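Chemist: Sequence plus predicted model, see below.
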Amino acid sequence: MIECSVCRSKLQSPNSRTISKAYDRHRSDVFSKTRVLNILLVGGDCVFVGLQPILVYMSKVDGSFKFSPVSVNFLTEVAKVLFAIVMLLFQCRHKKVGEKSLLSVSTIAQAARNNVLLAVPALLYAINNYLKFIMQLYFNPATVKMLSNLKVLVIAILLKIIMKRRFSIIQWEALALLLIGISINQLQSVPEGTTALGLPVATGAYLCTLIFVTVPSLASVFNEYALKSQFETSIYLQNLFLYGYGAIFNFMAIIGTAIFKGPSSFDILQGHSKATMLLICNNAAQGILSSFFFKYADTILKKYSSTIATIFTGIASAALFGHTLTINFILGISIVIISMHQFFSPLSKVKDEQEDSSLEMVNSQDSQRSKDASFVNMAAGANEDANHHVKVEEKRPLLPV
């Protein structure tokens, strides 16, 4: 039994094992919710990312696009803006009493100032979305998906430089395995004697690959930094700015195309088909899901989950378009899966855990001495309001009435 220092009432001393079990139960619940969210994110990402190259390939007519890729990107950004507005309206209808409306002028103005950095990834994404169509002129869908996995290594380097994130030696080795798997798949993947954009196909393919890997990697890292730096802001409000900037940049590209090619190219619906409409919906869903990855999960997890979609893309492109699944593709996919398992394996974090445990051992004696006292103080503070008898003078107001 302990005595309250305020009202001198007796309190039952808590059991340290009971408090420990309650904390473990809370931590388990949080971990379970996080794991379920990650599984849902990875599952949805596999579907949308896996379908994207296939829908782009289906949109081609005689090996080329009859529509403007910029128009697809603009309509995709408009669809995402509409989704963000709908979700904000839904949040406003279910806001708690006393909370400020997310759609008030002051809230939007303040959030716009705090999230101005989102304009950077929006511009980079606008460039990258156009490059996705260009890459389809050089490679088949499965190869495009494998090339995009190169972003993982570039993202890891940018995360280390910009966000000071640490990776163990085992994780760097896993990224090296990823590059090996991609390289095996790329052997003899470029047809010889083909030209595009006035350049030999090898030169054009390598140039587009370099830009295709670097630009979205920068966009992903800046996006994660911008979203998490303003974590208290609603993700739908942040998406409204991100997609709004993207729509503006793509509309500027449409205007520039109309100036150089004539007013006829200003028709954003010209050359579209059912396949392109499905592509717009798929790209919008993929972009919305990516924002949840960057804010609530991790960029590396997002890019690694996209590698799983490679299997789906390869099998679907073989079934629908007759593309051959070569032994290089099968070996490359196998190495990529091993790399992903190694990167997220608990063994890859042994070094960090050892460093943390060494720090814990230094303070273990001090924490052990104060452990029981901490439990008692926590219980006393938690039960003070319930057991303390308020005196008459304490009921008087602080200010004169």
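Modeler: Received it, and whenever you're ready, just let me know what you need. Numbers count the residues shown, from 1 in each chain.

Chemist: Counting by contacts, list what the one helix or strand residue 92 maps to packs against.
Modeler: With elements taken from DSSP states H and E, the one containing residue 92 is helix 69-93. Here helix 69-93 touches helix 119-136, helix 235-261, helix 274-296, going by 3 or more Cβ pairs under 8 Å, 6 or more residues apart in numbering; DSSP states H and E. (Glycine included, C-beta is placed from N, CA and C.)

Chemist: Are we agreed that residue 325 is in a helix?
Modeler: No. Going by DSSP: H, G, I helix; E, B strand; the rest coil, the assignment for residue 325 is coil, not a helix.

Chemist: coming back round to it: quick one: buried residues of whichever helix or strand comes after the helix holding residue 92?
Modeler: Counting by DSSP H and E, the next helix or strand C-terminal to helix 69-93 is helix 105-114. Buried residues in helix 105-114, counted by 16 or more other Cβ atoms under 10 Å: 108, 111, 114.

Chemist: go on, stretch 45-64?
Modeler: Of the residues in stretch 45-64, 45-46, 48-59 count as buried by neighbour count, 16+ other Cβ under 10 Å.

Chemist: Dump that stretch to CSV, restricted to CA.
Modeler: Output of stretch 45-64 as CSV, limited to C-alpha atoms (Å, rounded to 0.1, in the frame of the first residue of the first chain):
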residue,chain,number,x,y,z
ASP,A,45,0.4,-2.1,-55.1
CYS,A,46,1.1,-5.5,-56.7
VAL,A,47,-2.2,-5.4,-58.6
PHE,A,48,-2.0,-1.7,-59.8
VAL,A,49,1.7,-1.7,-60.6
GLY,A,50,1.5,-5.0,-62.3
LEU,A,51,-1.4,-3.9,-64.5
GLN,A,52,0.2,-0.6,-65.5
PRO,A,53,2.7,-1.8,-68.1
ILE,A,54,0.1,-4.2,-69.6
LEU,A,55,-2.5,-1.4,-70.0
VAL,A,56,0.1,0.9,-71.6
TYR,A,57,1.0,-1.9,-74.0
MET,A,58,-2.7,-2.5,-74.9
SER,A,59,-3.0,1.3,-75.6
LYS,A,60,-0.5,1.1,-78.4
VAL,A,61,-1.7,0.9,-82.0
ASP,A,62,0.8,-0.4,-84.6
GLY,A,63,3.6,0.0,-82.1
SER,A,64,2.8,3.7,-81.3
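
Chemist: average pLDDT for that stretch?
Modeler: Mean pLDDT, stretch 45-64: 80.

Chemist: part of a strand, is residue 34?
Modeler: No. Secondary structure of residue 34 (three-state DSSP): helix, not part of a strand.

Chemist: ok so, going back, how many degrees apart are the helix holding residue 92 and helix 235-261 in direction?
Modeler: Per axes from the mean of the first three to the mean of the last three Cα atoms, to 10 degrees, the angle that helix 69-93 makes with helix 235-261 is 160 degrees.

Chemist: Name the residues of helix 69-93 that are buried.
Modeler: Within helix 69-93, the residues scored as buried using 16+ other Cβ under 10 Å are 69-81, 83-85, 87-88, 91.

Chemist: angle of it against helix 105-114?
Modeler: Using the same axes, to 10 degrees: helix 69-93 against helix 105-114 is 130 degrees.

Chemist: quick check: mean pLDDT across helix 69-93?
Modeler: On average, helix 69-93 scores 90.

Chemist: before we move on, what about stretch 236-248?
Modeler: Stretch 236-248 comes out at a mean pLDDT of 93.

Chemist: next one: stretch 116-128
Modeler: 90.

Chemist: List the buried residues in that stretch.
Modeler: 117, 118, 119, 120, 121, 122, 123, 124, 125, 126, 127, 128.

Chemist: Using CSV, write down the CA coordinates of it.
Modeler: Provided in CSV are the C-alpha atoms of stretch 116-128 (Å, rounded to 0.1, in the frame of the first residue of the first chain):
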residue,chain,number,x,y,z
VAL,A,116,4.9,23.9,-50.6
LEU,A,117,7.7,21.3,-50.9
LEU,A,118,5.2,18.9,-52.6
ALA,A,119,5.6,20.9,-55.8
VAL,A,120,9.0,19.3,-56.2
PRO,A,121,7.9,15.7,-56.4
ALA,A,122,4.9,16.8,-58.4
LEU,A,123,7.1,18.2,-61.1
LEU,A,124,9.4,15.1,-61.1
TYR,A,125,6.4,12.8,-61.2
ALA,A,126,5.0,14.7,-64.3
ILE,A,127,8.3,14.0,-66.1
ASN,A,128,8.4,10.4,-64.9
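
Chemist: can you list the residues that contact that stretch?
Modeler: Applying Cβ atoms under 8 Å, 6 or more residues apart in numbering, the set of residues contacting stretch 116-128 from outside is 73, 211-212, 215-216, 218-220, 222-223, 225-227, 229, 238, 241-243, 245-246, 249-250, 253, 287.

Chemist: what about the stretch 251-400 of the chain, any weak spots by pLDDT?
Modeler: Under the criterion pLDDT under 70, the flagged ranges of the stretch 251-400 of the chain are 265, 350-400.

Chemist: how about the helices in it?
Modeler: Assigned by DSSP state H, counting those that start in this stretch, the stretch 251-400 of the chain shows helices spanning 274-296, 299-321, 327-343, 350-362, 364-369, 371-387.

Chemist: From residue 44, how far out is residue 281?
Modeler: 14 Å (Cβ to Cβ, to the nearest Å).

Chemist: Would you convert the buried residues of stretch 116-128 into CSV that also reports distance to residue 331?
Modeler: As requested, those are arranged in CSV below (distance: Cβ to Cβ, whole Å):
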residue, distance to residue 331
117, 41
118, 40
119, 42
120, 38
121, 34
122, 38
123, 38
124, 33
125, 32
126, 36
127, 33
128, 28
